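Student: sequence plus the predicted model coming up.
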Amino acid sequence: MELTLWTYEGPPHVGAMRIASSMKDIHYVLHAPQGDTYADLLFTMIERRGKRPPVTYTTFQARDLGGDTAELVKRNITEAVERFKPKTLLVGESCTAELIQDQPGALAKGMGFDIPIVDLELPAYSKKENWGASETFYQIIRTLLKDKVNEIEKINPKRWMSLGRRPKVNILGPTLLGFRCRDDVIEIQRILSEQGIDTNVVAPLGSSPDDIARLTDADINICLYHEIAETSCEWLKRNCGMEYTTTIPIGIRNTINFINEVHEKLDLPLTNQEELEHKSKLPWYSKSVDSNYLTGKRVFIFGDGTHAIAAAKIAKDELGFEVVGLGTYSREMARQVRAAAKDLNIEALITNSYLDVEDAMKKASPELVLGTQMERHSAKRLGIPCAVISTPMHVQDVPARYSPQMGWEGANVIFDDWVHPLMMGLEEHLIDMFKHDFEFVDGHQSHLGHTATKGPENKEDEHSRSNNGIQKKVTVIWTDSGRAELTKVPFFVRGKVKSNTEKYALSKGLPEISDETLYDAKAYFG
Amino acid sequence: MSKVDLNKETGPREVFCGLTSIVWLHRRMPDAFFLVVGSRTCAHLIQSAAGVMIFAEPRFGTAILEEKDLAGLADAHEELDRVVNDLISRRPEIKTLFLVGSCPSEVIKLDLATVAEKLNSRFSGQVRFVNYSGSGIETTFTQGEDGALKALVPLMESTDDEKLLLVGTLANNVEDRFKKIFNNIGITNVESFPPRQSTKLPKIGKNTKVLLAQPYLSDTVRDLKHRGCEIIQAPFPLGVEGSTKWVLAAAAAFKINELKVHEVIAPLANRARQAIEKHKEILRGKKLFLLPESQLEISLARFLHNECEMELIEVGTPYLNRDLMEEELNLLPDDTKIVEGQHVEKQLDRVRASNPDLVVCGMGLANPLEAEGISTKWSIEMVFSPIHGIDQAADLAGLFSRPLTRNQILNSKSLATH
């Protein structure tokens, strides 16, 4: 039993719903009690869909349990097939139905329908949402292609040359309730078509069972989100020999790496390598003198595996930040995240507890947090600027404007989304600096709410309180000369100088900080 | 007696389960914690219904069952013990801990009553444990509150004092207004259940007169009756008419002159009717379809028809207790079509065929209906907004006129050209 106050991922059948809702001509009969329909609102409210998810809930009740729930399942399947006329039927169960073992998938298969039926077994007591999505996508592909793969030859990624056509790829992994998937797909298709590469199928988002049946027309697969598509890509590789890409095109370097990987796999010469450096504004914006203040900014990263790893790479290599924390709630990607953290000489945080994340965030004392909406709330409480980089989805993560994370435009979006909160942070310092001027109007509304203008002293308080209530009061006293000298320090480094000096004084056992102590500390830390 | 047209329907439903009521119960009693014993689905449901994100450490949580818990029951009891210990050391300020059963815990027959009993003796004097079920196989949405209140009834001490007991969660400001009105007509001993502090349960007995503020409390009412309480028959305090009759029924039970009540209520009622007027302009003659969810549907339909002159196409309700709803049914126009239960697909077919101006429905259905050009109002808003009483009547009407007004603004200026 695990005490959970809030969870990053839903149950695995919600993952299955993400796949079903992303696709066309498909219907999902879910053996589930009333109440499980709450999941519909994730799609209709958060994603603002104007369509109900294609799901029929059998809605069994306590009084049905003594009787024939299998009959109830069959009735719902019959009605769903008649009403929605799907080309493929998914049949599965939610957590409670799993316990009563009606085996709805097997029942459906025995009912004599002439459409493919995908029997979903998603263990609700050990797996979570992304796993459920991945498994569902894989089971659909397997069901619809398993006969075909025995008939066709292994797919050679270079076959487009002998077939006398442009190379063709599948883009696999984008789903509803995935972070910015809608726009990532557009961006990646645009990049591929500029390189003379056609898209065969995008799936699951926007695809139908007919599209799944022609996945094997492509030369290679693009695995756009490991969490969702890796299992499927592996199966297609094993059974049809289809190669797939593993680079996630988030950030400039990885977008270039991705384009290189695609070209290598297809044996397509890359002719515009130099041009690629200039496709996004991120490299120049990052290089421009204005961005000097970004150097060494301490950043704490938490999210799904794909986005957390990508964010760490961009933060370090493309924006010149210092990554002081990296973690994920995706246990399936723990290995990769640990490896990425090791490269940064930090320890990865793998957890499903947002309170553990908040504690780690406090300890790392970052200047910027990149996380999920939950980290945004935690960061707000701590008065730290934050940008959202990953699911779980919030209505704000489905913006009206074009806002990808991948490719060139994705890099532009990332630069703005990550740097603007820091500039707002800078504004906080300016407010702090000017608030003694007589022109300053009191009551200026900080974007961080009342937590922001309390200044660094307050963060110190929160810090000492955090350690299980043990009061770790800073006992060093600032003398008048020390205080006077501190006010002369430029505002944008004042907080850091203050904490460094205190740290220095404590380590040397000094009871007071004078102007001289401040300079001693400055020399000590360099 | 009104001759309403009662129908029953079964099939796939689109409603919340009883766990959802934790969202308002934990706000009503800030010294209580609600621990659901269930699955990841339960945890995800409550956080999604509660507005997806939380801003502070919540006073509700889920002990998520894992595979190893399902293997043997003794194990599950120990595990639950451990989780409760963790929770209490983490939140020492908790005075009452509700162990809330869910679909999976009911199906595996996890005996939460026994667990609660054991914990009660261990934490005696520190934390009180009660258990109830909010499972979807037994309860719909607001019935969760019925379960929680029923679980508290045995803890209420006995008294022979005469008092008026308002039963059902009310917004604090609404509760204060009601108490003032009752004081003004001469009923001075007025208490509420659930109370604002879980430990300050009202005492009850044969001189307790129960006035229901919410229509979904069948089981709680039964147990209060067993304890000797008198149940006052009344419609529910939604709108001017319902609220007036509600207060009058209480006054009658306390043998207070009707004229005295009218003296107190009349100025409030006049003010409220005036405030409703501008909403009535918009709502008059508009066709209303209510899908089942909160059990408030019948009272809402009565208000929107009688006071706002809307036409009723169909009034859905997840469950109909004829005894408790008798006064309400009498106030509805003849031949009002009431449907108990749901077959969501067939009901949506009827929605489309009847071309309504406004549909009251759950959040899962609202945007899809809007996309079809049908205006909607989320039913969950009725349990989160202060809508009870004469003073709130115009606000209640406003909840329904707003979507229609918005529709008019957007359509008359036609932003989109397609």
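Tutor: Sure, I can see it.
Student: now name the helix or strand holding the nearest residue to A:Pro385 once chain neighbours are set aside.
Tutor: Among residues not flanking A:Pro385 along the chain, A:Pro421 sits closest, at 3.6 Å (CB to CB, 6 or more residues apart in numbering or on different chains). Where you see a C-beta, it was placed from the backbone N, CA and C, and this is true even at glycine. Counting by DSSP states H and E, the element that carries A:Pro421 is helix A:407-434.
Student: what about that helix, average pLDDT?
Tutor: On average, the pLDDT along helix A:407-434 is 82.
Student: for stretch A:29-48, same thing?
Tutor: pLDDT averaged over stretch A:29-48 gives 95.
Student: kindly report the same for stretch A:204-214.
Tutor: pLDDT averaged over stretch A:204-214 gives 98.
Student: show me which positions of that stretch end up buried.
Tutor: A:204-205, A:207-209, A:211-213 (16 or more other CB atoms under 10 Å in any protein chain shown).
Student: give me the distance between it and the centre of its chain.
Tutor: Centroid separation between stretch A:204-214 and its chain, computed with CA atoms, centre = their mean, to the nearest Å, is 24 Å.
Student: count the neighbours of residue 80 for me.
Tutor: As the question left the chain open, I've gone with chain A. Look at A:Ala80: counted by other CB atoms under 10 Å in any protein chain shown, it has 23 neighbours.
Student: try chain B instead
Tutor: Counted with other CB under 10 Å, the neighbours of B:Leu80 add up to 24.
Student: repeat that for A:Lys316.
Tutor: Neighbours of A:Lys316 (other CB under 10 Å): 16.
Student: same deal with B:Leu70?
Tutor: By other CB under 10 Å, neighbour count at B:Leu70 equals 17.
Student: shouldn't it be within a helix?
Tutor: Yes: the assignment for B:Leu70 by DSSP: H, G, I helix; E, B strand; the rest coil puts it in a helix.
Student: what's it in contact with, if anything?
Tutor: By CB atoms under 8 Å, 6 or more residues apart in numbering or on different chains, the residues touching B:Leu70 are A:99, A:125, B:76, B:108.
Student: contacts only, for whichever residue of the stretch 201-350 of chain B sits closest to chain A.
Tutor: Distances between the stretch 201-350 of chain B and chain A by CB to the nearest CB are smallest at B:Glu345, namely 6.2 Å. Residues in contact with B:Glu345 (CB under 8 Å, 6+ apart) are A:56, A:79, A:83, B:11-12.
Student: would TSV of the buried residues of stretch A:204-214 with distance to A:Ala341 and secondary structure be doable?
Tutor: Listed next are the buried residues of stretch A:204-214 as TSV, based on distance: CB to CB, whole Å; DSSP: H, G, I helix; E, B strand; the rest coil:
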residue	distance to A:Ala341	secondary structure
A:Pro204	31	coil
A:Leu205	30	coil
A:Ser207	35	coil
A:Ser208	40	coil
A:Pro209	40	helix
A:Asp211	38	helix
A:Ile212	36	helix
A:Ala213	41	helix
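Student: among those, which two are most distant?
Tutor: A:Leu205 and A:Ala213 (17.0 Å; CB to CB).
Student: burial of residue 34, as a residue count?
Tutor: With no chain named, the answer covers chain A. 28.
Student: other chain: chain B
Tutor: Neighbours of B:Phe34 (other CB under 10 Å): 26.
Student: could you pull up the contacting residues of it?
Tutor: B:22, B:25-26, B:59-61, B:98, B:100.
Student: A:Thr44 is in contact with B:Leu365, correct?
Tutor: Yes: counting by CB atoms under 8 Å, A:Thr44 is a contact partner of B:Leu365 at 7.3 Å.
Student: and the residue lying closest to A:Glu347 once chain neighbours are set aside, how close does it get to A:Gln405?
Tutor: Take A:Glu347 and drop its neighbours on the chain: the residue closest to it by CB to CB, 6+ apart is A:Ala341, 6.1 Å away. In this structure, A:Ala341 and A:Gln405 are 21 Å apart, going by CB to CB, to the nearest Å.
Student: ok, the two, which is more surrounded?
Tutor: A:Gln405 (27 against 23).
Student: list the contacts of the nearest residue to that one once chain neighbours are set aside.
Tutor: Sequence neighbours aside, A:Arg180 is the residue nearest to A:Gln405 in space, at 4.8 Å (criterion: CB to CB, 6+ apart). Applying CB under 8 Å, 6+ apart to A:Arg180 gives the contacts A:397, A:403-406, A:410.
Student: and A:Arg180, how far from chain B?
Tutor: Computed as CB to the nearest CB, to the nearest Å, the A:Arg180 to chain B distance reads 18 Å.
Student: one more: A:His377?
Tutor: With distances taken as CB to the nearest CB, A:His377 is found 6 Å from chain B.
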